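Novice: I'd like to go over a predicted model; first the sequence, then the structure.
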Amino acid sequence: MTSILLSLSVGSAATLLSLPPGIAVAWILERTRLPGRSLLHTLVLLPLVLPPVVTGYLLLKFFSPKGAVGQQLASLGMPVAFHWLGAVVAAAVVGFPLLVMSVTLAMKGVDPRLETVSKSLGRSGWSTFWRVTLPLCWPGVLAGAVLSFARGLGEFGATIILAHRIPGETETIPLEIYAALDAPGGEEQIGGLVGASIAICIACVFAARALDSWHRRRLELTR
Amino acid sequence: MKFEVDARVQRRSGFSLEAAFTCETGALGIVGPSGSGKSTLLDVLAGVESGGRVALDGRDVSRVRLHRRRVGYVTQDPLLFPHLSVRRNLEYGAGAEGVVDVAGALGIAHLLDRMPRHLSGGERRRAALARAVAVKPEILLLDEPFAGLDERRRREAMSLLDQTRRRFALPMVLVSHLAEEVIALTEWSVRLEAGSVAASGPSASVLRAGETQIDNYFTGCVLGPGLVRVGHVELHAMVPAEASGDVRLACYAHDVLLATGEPQGISARNCIWTMASAVEPAGEAVLVTLATPPVKALVTREAAERLDLSAGKRLVAILKATSIAYLGAA
């Protein structure tokens, strides 16, 4: 039960953490002509195809308690490696490509001329983003958030390397299932965890699809 | 409003716009065939696209960002914000005020609480125009605002636009491919062809003359109220009562009619026997130079064939007194 709640809290925190940069990156990819966009796009998609263990290893190198970043964060009271935050970061990183892809698609659906009209009406680029672009791609943002949440929930490889398996702190559902496999009488425990995983993920996919179709309906009706 | 424009846009597709003109008018028309750069020029005027120099009433706005330009920019598609009601669309602009008043003037007051997707095409156009007017812009910029409307609605929309513009005292730039719209709604026009200015002048003259815009300028001596002598012929013209002595006059070549005999029962005050001194093609039309009065007449090719026009042919030149304009003392 603890691991289910922990998974939900790690997934939610990871999603909240990745939303602002996810939206920003999607905007850069979709609405700017910044040089180096294709490199950025590649980097963003990398966690989707990279073995999660490799992602975890790279993250561990970056956040290592012996490294500059790790020490800096630890002195701020936010150690990432071998900590709840590590599970959050691992989940956020592996879910990030799904979020960015979903938001980029939603932004593609927003007519850029609406943004031009908004600016001609005296609204700055920033104000236009909040008043026009974001409200119109909001369902796509939510759908992406749900997908990345579901992906983060199931993260195993990167989590176990970066955050280790600390019961009650970093032991999410997949990690507990892995541990229960070796434990005597773990079979029963696994059944419940697997059921919970499946239920949460089905709910997430349903939610994402419902949001997506709401978004499509909304845009098609206006065309 | 005084327009000083030198628009320069180079597209990757190879299209380039190099349009320079200066004029002072409350309503400017931009005309030309499709692909000639009308919308691009409008975008440069609006600040949607940068390129070249644009000065309005002497103020260089080329470097002013779009959201600080204070332009009422209305695109060909009426782009309402789909997630906002009509009222919130109208209130959207920075400093928008008098929304109900503007909506009333454009006949959409009863639609304020609807969502854009529940409006007809014509209603959307009016709402988009109202939204632009509500921010009290310095200038209205309209791209084919009547495209896609049927004849009756187009006429309604034209008169509504004219009333609205006058009521809120807004200078306007209108892009249209329909001569009728531009003549009815604008005073001065710029005709674009392949990205450059082919003609710039009073709308009626720029448009009616088609490929060739020819104005006749000549001098005359005032004989009395509304009567001048040009060479050895007397012409009725729009000369003010206080004018005297030598004066400068003008008329459009397309306002000069030709006949092979003296017409009967005609309202035109000037029917003068003269001779064609030259007949030459001018684009789709034919330009006939007359001996006296020293003016050119622009007629269609069919008319030239029907009258069997050639240099040396005796003709009657017919000129309405109202089409001879007085430009001032010589």
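Specialist: Good, I have the coordinates.
Novice: For chain A, give me the ranges with low pLDDT.
Specialist: A:1, A:218-223 (pLDDT under 70).
Novice: So in it, which helix runs the longest?
Specialist: When chain A is parsed with DSSP state H, its longest helix is helix A:186-222.
Novice: Chain B now?
Specialist: Under DSSP H, chain B gives helix B:151-167 as its longest helix.
Novice: Buried residues, it. List them.
Specialist: By neighbour count on 16 or more other C-beta atoms under 10 Å in any protein chain shown, the buried set for helix B:151-167 is B:153-154, B:157-158, B:160-161, B:164-165. Yep, even glycine has a C-beta here, placed from its N, CA and C like the rest.
Novice: Can you lay out those as a markdown table showing pLDDT?
Specialist: As requested, the buried residues of helix B:151-167 are exported to a markdown table (pLDDT from 0 to 100):
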| residue | pLDDT |
| --- | --- |
| B:Arg153 | 76 |
| B:Arg154 | 76 |
| B:Ala157 | 81 |
| B:Met158 | 83 |
| B:Leu160 | 84 |
| B:Leu161 | 86 |
| B:Thr164 | 84 |
| B:Arg165 | 86 |
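Novice: Kindly report the residues of chain A close to chain B.
Specialist: Residues of chain A lying close to chain B by C-beta under 8 Å from any C-beta of the partner chain are A:111, A:113-114, A:116-125, A:128, A:131-132, A:135-136, A:218-219, A:221-222.
Novice: Pull the contacting residues for the residue positioned nearest the centre of chain B.
Specialist: Centroid-nearest residue in chain B, with C-alpha atoms, centre = their mean: B:Ser203, separated by 3.1 Å. Contacts for B:Ser203 were tallied using C-beta atoms under 8 Å, 6 or more residues apart in numbering or on different chains; they are B:29, B:182-183, B:186-189.
Novice: Not counting its neighbours along the chain, what's nearest it?
Specialist: Leaving aside its sequence neighbours, B:Ser203 sits nearest to B:Ser189 (C-beta to C-beta, 6 or more residues apart in numbering or on different chains; 4.1 Å).
Novice: pLDDT (mean, whole number) over whichever strand or helix holds that neighbour?
Specialist: Per DSSP states H and E, B:Ser189 falls inside strand B:188-193. Averaging pLDDT along strand B:188-193 gives 88.
Novice: Let me know the next secondary structure element after it.
Specialist: Toward the C-terminus, strand B:188-193 is succeeded by strand B:196-202 as the next helix or strand (DSSP H and E).
Novice: Could you count how many residues lie near the closest residue to B:Thr40 other than its chain neighbours?
Specialist: Distance criterion C-beta to C-beta, 6+ apart; nearest residue to B:Thr40, sequence neighbours excluded, is B:Leu17 at 5.0 Å. B:Leu17: 24 surrounding residues under other C-beta atoms under 10 Å in any protein chain shown.
Novice: Next, the residue of the stretch 151-300 of chain B found nearest chain A: secondary structure please.
Specialist: Minimum separation of the stretch 151-300 of chain B from chain A (C-beta to the nearest C-beta) falls at B:Val173, amounting to 13.2 Å. Secondary structure, DSSP: H, G, I helix; E, B strand; the rest coil: B:Val173 is strand.
Novice: what's it in contact with, if anything?
Specialist: B:27-30, B:42, B:45, B:139-142.
Novice: Make TSV out of those and add distance to B:Lys313 and neighbour count.
Specialist: Formatted as TSV, the contacts of B:Val173 follow (distance: C-beta to C-beta, whole Å; neighbours: other C-beta atoms under 10 Å in any protein chain shown):
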residue	distance to B:Lys313	neighbour count
B:Ala27	41	21
B:Leu28	40	27
B:Gly29	36	26
B:Ile30	39	29
B:Leu42	45	25
B:Leu45	47	24
B:Ile139	49	22
B:Leu140	49	23
B:Leu141	48	26
B:Leu142	46	25
